[in-house]
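Novice: give the three-dimensional model of this entry:
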Amino acid sequence: MIARLSLRVRLTLAFALAMALVLVALGGFLHARLGAALLDGIDLDLRSRAGVIVGALDRHRPAPMEIGQDLIDPDEAFAQILDSSGHILQTTDAVRAAPMISVRGLTGPTFLTTRVQGVDDEARLLAVPTAAGTVVVGAPLGDRQEALDSLLALLLIGGPWALALSSAAGWLVAAGALRPVERMRREAAAVSELEPGRRLPVPPAGDELTQLAVTVNAMLDRLHDASARQRRFLDEASHELRTPLSILKSELDLALARPRTREELELAVRSAARQTDTLVRLAEDLLVLARTRHGRLPVHRTPVRLADFLRDLAPEGVEVSAPDEIVRLDPLRVRQAVGNLLDNAVRHGRPPITLLASRDGGTITISVEDEGPGFPPDLAERAFEPFVSGTGEGAGLGLAIVKAVAESHAGTATLTLPSRVTLVLSTADPQVAEHR
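Specialist: Residues are numbered from 1 along each chain as shown. A predicted model of the protein is given here:
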């Protein structure tokens, strides 16, 4: 139920609950503090009265019978003088009926709160043992209780009003604080395919809302770029697929247009086979790229003897130099990456073509280089993007796959020279590397 309420209502309810707790705690503290202060005042007055009576006892032995009337105000307090057995020696009229306390066990001045016969309210007593007897003075606590009740009534009346006013203030503050968020929400809702460049307004305050707007705008930029890349990828993939399909259909239509000799049919079939190979290679490359997750492919590492593995990949005429060591990598993926590089070098480069590999701790470096012109400078920065070709031939997916394979091995693929591509691959499993 709470989750269905608006954020503004939830903030106000949370603020009201916090204020209620604060008001209850503050009211309890004031009530307790006032009660303690009033009790301290009564105790101070009792000490003063007890001191007067004890001084009178020291000056008058035996104690005069009129001491209670002379020293005790019967409207505000009362007193008794008890002997060692607890019998009344002298008393004020209000408490004449019985001793106010039992003197047994008293060793020094003692405060206590109790009921006294003859006094309507609860009483605060002070008992002071002396050589002439025990002096007991007391005062009713009715006035103290009335003061506490009055404070409690004020808190019960004023507290809800204070809570209501503070909740209204919290409602207004929440509304003001959420107003920029509501503007952002409306702007975010207005961002659509028709206005892909529209962004949220960034508040100038430099606070959390500013950071939220900047973060959301950055996310929208990434989504826009990803969407643009996806559309470009689909457009270029469609174009690359359309070309060999059109040629293939033309060859087949031409072969069926009129009777053909065996040689003509063979030439048509060979041409169709070449276009089919192109389609198969393009489909495989697209499938590899489609399997990437965040730019990476799933890899299955196995031990591979690096020198033998690279020599098996290299076509005739390619110079291979690699250490004769066993490394852990995904042979299928690395075969795709290095095979693409060698295929590009053979088809578009000039000999000599070299395949070099080295190992440095937990990484291996593989480079393919030829003497051809390589990538033009204006395409060098985008060489590893899909459908970017430095020769104008082919789909331009080879280096994109090379990059995906390198990143899947926690490595990199770079164009170190116009005609040299270098792969740096980690030979350790990611889980093993994390625990090291």
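
Novice: show me what the helix or strand that contains A153 is packed up against.
Specialist: Assigning secondary structure by DSSP states H and E places A153 in helix 142-190. Using 3 or more C-beta pairs under 8 Å, 6 or more residues apart in numbering; DSSP states H and E, the elements in contact with helix 142-190 are helix 7-59, helix 208-257. Just so you know, the C-beta spots here come from the backbone N, C-alpha and C atoms, and that holds for glycine as well.

Novice: JSON lines for those, including mean pLDDT and mean neighbour count?
Specialist: JSON lines is the format used below for the helices and strands packed on helix 142-190 (pLDDT from 0 to 100; neighbours: other C-beta atoms under 10 Å):
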{"stretch": "helix 7-59", "mean pLDDT": "89", "mean neighbour count": "15"}
{"stretch": "helix 208-257", "mean pLDDT": "74", "mean neighbour count": "14"}
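
Novice: related to what we said a few turns ago, tell me the mean pLDDT for the helix holding A153?
Specialist: Averaged over helix 142-190, pLDDT sits at 86.

Novice: run the chain-centre distance for it.
Specialist: Remark: helix 142-190 is offset 29 Å from the chain centroid, using C-alpha atoms, centre = their mean, to the nearest Å.

Novice: need the helices and strands packed on helix 142-190 in TSV with distance to V368, can you?
Specialist: Conversion of the helices and strands packed on helix 142-190 to TSV gives the following (distance: least, C-beta to C-beta, whole Å):
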stretch	distance to V368
helix 7-59	57
helix 208-257	23
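
Novice: out of those helices, nearest to K403?
Specialist: Relative to K403, the nearest member of the helices and strands packed on helix 142-190 by C-beta to C-beta is helix 208-257, separated by 13.9 Å.

Novice: run the chain-centre distance for that closest one.
Specialist: On C-alpha atoms, centre = their mean, the centre of helix 208-257 falls 35 Å from that of its chain.

Novice: what about the residue nearest to R8 when sequence neighbours are not counted, how many residues nearby?
Specialist: Using C-beta to C-beta, 6 or more residues apart in numbering and skipping the chain neighbours, the partner closest in space to R8 is A174 (4.9 Å). Neighbourhood size, A174 [other C-beta atoms under 10 Å]: 19.

Novice: got the contact list for A174?
Specialist: 7-8, 11-12, 15 (C-beta atoms under 8 Å, 6 or more residues apart in numbering).

Novice: could you redo the last one with a cut-off of 6 Å?
Specialist: Applying C-beta atoms under 6 Å, 6 or more residues apart in numbering to A174 gives the contacts 8, 11-12.

Novice: SS state for P99?
Specialist: coil (DSSP: H, G, I helix; E, B strand; the rest coil).

Novice: residues touching it, list them.
Specialist: 82, 86, 88.

Novice: what bridges to the last one?
Specialist: In this structure, I88 has beta-bridge partners L82, where bridges are defined by DSSP bridges.

Novice: any idea how far F78 is from it?
Specialist: Taking C-beta to C-beta, to the nearest Å as the measure, I88 falls 12 Å from F78.

Novice: likewise the second one?
Specialist: Here G86 is placed at a distance of 17 Å from F78 (C-beta to C-beta).

Novice: wait, which of the contacts of A174 is closest to S246?
Specialist: The closest of the contacts of A174, once distances to S246 are taken by C-beta to C-beta, is R8, at 60.5 Å.

Novice: that older thread, between I88 and F78, which one's more packed in?
Specialist: Legend: neighbour count by other C-beta under 10 Å for I88 and F78, higher for F78 (27 against 17).

Novice: got phi/psi on the more buried one?
Specialist: phi -150, psi 160 (degrees, to the nearest 10).

Novice: hey, where'd the strands end up in the stretch 301-436 of the chain?
Specialist: 302-305, 318-321, 326-329, 353-360, 363-369, 412-417, 420-426 (DSSP state E, counting those that start in this stretch).

Novice: R186: which of those is closest?
Specialist: Using C-beta to C-beta, the strands of the stretch 301-436 of the chain put strand 412-417 closest to R186, at 42.9 Å.

Novice: mind exporting the C-alpha coordinates of that closest one to CSV?
Specialist: The C-alpha coordinates for strand 412-417 follow below in CSV (Å, rounded to 0.1, in the frame of the first residue of the first chain):
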residue,chain,number,x,y,z
THR,A,412,43.4,-5.5,-26.9
ALA,A,413,43.7,-5.2,-30.7
THR,A,414,45.5,-2.2,-32.1
LEU,A,415,46.7,-0.9,-35.5
THR,A,416,50.3,-0.3,-34.5
LEU,A,417,51.3,0.5,-38.1
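
Novice: which parts of the stretch 301-436 of the chain are helices?
Specialist: Here the stretch 301-436 of the chain has its helices, by DSSP state H, counting those that start in this stretch, at 306-313, 331-348, 398-408, 430-435.

Novice: can you tell me which of these is most buried?
Specialist: helix 398-408 (a mean of 24; mean count of other C-beta atoms under 10 Å).

Novice: re the thing from before, out of the helices of the stretch 301-436 of the chain, which comes closest to S166?
Specialist: That would be helix 430-435 among the helices of the stretch 301-436 of the chain, by C-beta to C-beta, at 50.8 Å.

Novice: pLDDT averaged over that closest one - what is it?
Specialist: On average, helix 430-435 scores 40.

Novice: returning to what we had before: quick one: closest of the helices and strands packed on helix 142-190 to P180.
Specialist: The nearest among the helices and strands packed on helix 142-190, by C-beta to C-beta, is helix 208-257 at 5.1 Å.

Novice: how near is F309 to L329?
Specialist: 9 Å.

Novice: swap in G108?
Specialist: Taken as C-beta to C-beta, the span from G108 to L329 is 90 Å.

Novice: between these two, who's got more neighbours?
Specialist: When G108 is set against L329 and neighbours are counted by other C-beta under 10 Å, the residue ahead is L329, at 25 against 7.

Novice: distance of the more buried one from V421?
Specialist: In terms of C-beta to C-beta, L329 sits 17 Å off from V421.

Novice: kindly report the same for P109.
Specialist: Plainly put, P109 is 99 Å away from V421 if you go by C-beta to C-beta.

Novice: then S48?
Specialist: 101 Å.

Novice: kindly report the same for A226.
Specialist: A226 is 26 Å from V421, by C-beta to C-beta.

Novice: G362 reaches L425, doesn't it?
Specialist: No - at 9.7 Å, G362 does not count as touching L425 under the criterion of C-beta atoms under 6 Å.
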